[in-house]
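Visitor: I would like the atomic coordinates for the input below:
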Amino acid sequence: MKNMEQARFNMVEQQIRPWDVLDMRVLDLLTKVKREHFVPTARQEMAFVDIEIPLGYGVSMWQPKLEARTLQALQLQPRDRVLEIGSGSGYLTALLSQLAQHVTSVEIVPELHAFAEKNLAAHHINNLTLVQGDAAQGWPGSYDAIILTGSVPVLPAAFQNSLKPGGRLFAIVGDAPAMQARLINCAVPGIFESVTLFETNVAPLQNALQPKRFVF
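Guide: Next up is the predicted model:
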């Protein structure tokens, strides 16, 4: 247990703080929600390493610093209603649930939906709705914050249009190897401001909207 807590401390101090994550709410949360409980058993020794952790089905847990940077960027408030596209292991869902009023998380892969459901139930987190379905091109409802956990070559307008005034959308847009992590703010309905936060490279969402590509 002591070694686990030391590894968690090192993750925060050596990976996350140096990546300009200084929001104490986020840093405190990373010590509270036990990341190792959401990692597949065979890979638990990798829980605090600065790498993606494969979950199967072409999906991986993000690097810890990417999870933390995204939470900081979204600036979640206690009354926010959040939409997460891609539940994965349920870890990021758990983090979101601690900062917001309610999280709706949609996972296309039935096995990952069941894995996230099991992990979240074990932590008695109940301010969320887990759905098994395809939300790669949008999901009904109106939200204060939306996060896509897989990349999209093209960002469907449906996501922006699901933001409430003042809402924020985090999406990783583009093709490998150079994708842009973007934060899109909805000032008023129909008016959006997009800021590129950093470059990264993550696996695409299944059934993501594809651009028209020239074929020669």
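Visitor: burial count for the spatially closest residue to residue 98 that is not a sequence neighbour?
Guide: Spatial nearest neighbour of residue 98, excluding adjacent residues (C-beta to C-beta, 6 or more residues apart in numbering): residue 29 at 5.6 Å. Placement of C-beta: from N, CA and C, glycine included. Number of residues near residue 29 (other C-beta atoms under 10 Å) recorded here: 17.
Visitor: what does residue 152 give?
Guide: Neighbourhood size, residue 152 [other C-beta under 10 Å]: 23.
Visitor: same thing with residue 121?
Guide: 12.
Visitor: and stretch 171-180, average pLDDT?
Guide: Taken as a whole, stretch 171-180 carries a mean pLDDT of 93.
Visitor: returning to what we had before: just checking, the residue nearest to residue 98 touches residue 100?
Guide: No: if you go by C-beta atoms under 8 Å, residue 29 and residue 100 don't touch, sitting 11.7 Å apart.
Visitor: all strands of the protein, in order?
Guide: 53-56, 59-61, 81-85, 102-107, 128-132, 143-148, 163-173, 179-188, 191-200 (DSSP state E).
Visitor: The residue nearest to residue 70 when sequence neighbours are not counted: neighbouring residues, count only.
Guide: Distances taken as C-beta to C-beta, 6+ apart place residue 170 nearest to residue 70, at 5.4 Å, with adjacent residues excluded. The tally of other residues near residue 170 (other C-beta under 10 Å) stands at 20.
Visitor: Residue 196 too?
Guide: 10.
Visitor: That one against residue 181, yeah?
Guide: Yes: contact criterion C-beta under 8 Å: residue 196 and residue 181 qualify, at 7.1 Å.
Visitor: on contacts alone, who are the packing partners of the top helix by length along the chain?
Guide: For the chain, the helix with the greatest residue count under DSSP state H is helix 110-122. Here helix 110-122 is seen to pack against strand 53-56, helix 91-99, strand 102-107, strand 128-132 when contacts are counted using 3 or more C-beta pairs under 8 Å, 6 or more residues apart in numbering; DSSP states H and E.
Visitor: mind listing what the residue nearest in space to the middle of the chain touches?
Guide: Among the residues of the chain, the one closest to the centroid is residue 149, at 4.4 Å (C-alpha atoms, centre = their mean). By C-beta atoms under 8 Å, 6 or more residues apart in numbering, the residues touching residue 149 are 62, 84, 85, 86, 87, 88, 92, 202, 205.
Visitor: now residue 155
Guide: Residue 155 touches 171, 173, 182, 184, 209, counting by C-beta under 8 Å, 6+ apart.
Visitor: Are any of these buried, and if so which?
Guide: Listed as buried from those are 171, 173, 182, 184; burial here means 16 or more other C-beta atoms under 10 Å.
Visitor: Can you add distance to residue 126 and give the residues you listed back as TSV?
Guide: What follows is the buried ones among the contacts of residue 155, written out as TSV (distance: C-beta to C-beta, whole Å):
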residue	distance to residue 126
171	27
173	33
182	31
184	29
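Visitor: and the two most separated of the residues you listed?
Guide: 173 and 184 (9.7 Å; C-beta to C-beta).
Visitor: How many residues are close by residue 3?
Guide: 7.
Visitor: Which pLDDT value goes with it?
Guide: With respect to pLDDT, residue 3 scores 90.
Visitor: Point out where the protein drops to low pLDDT.
Guide: 1-2, 213-216 (pLDDT under 70).
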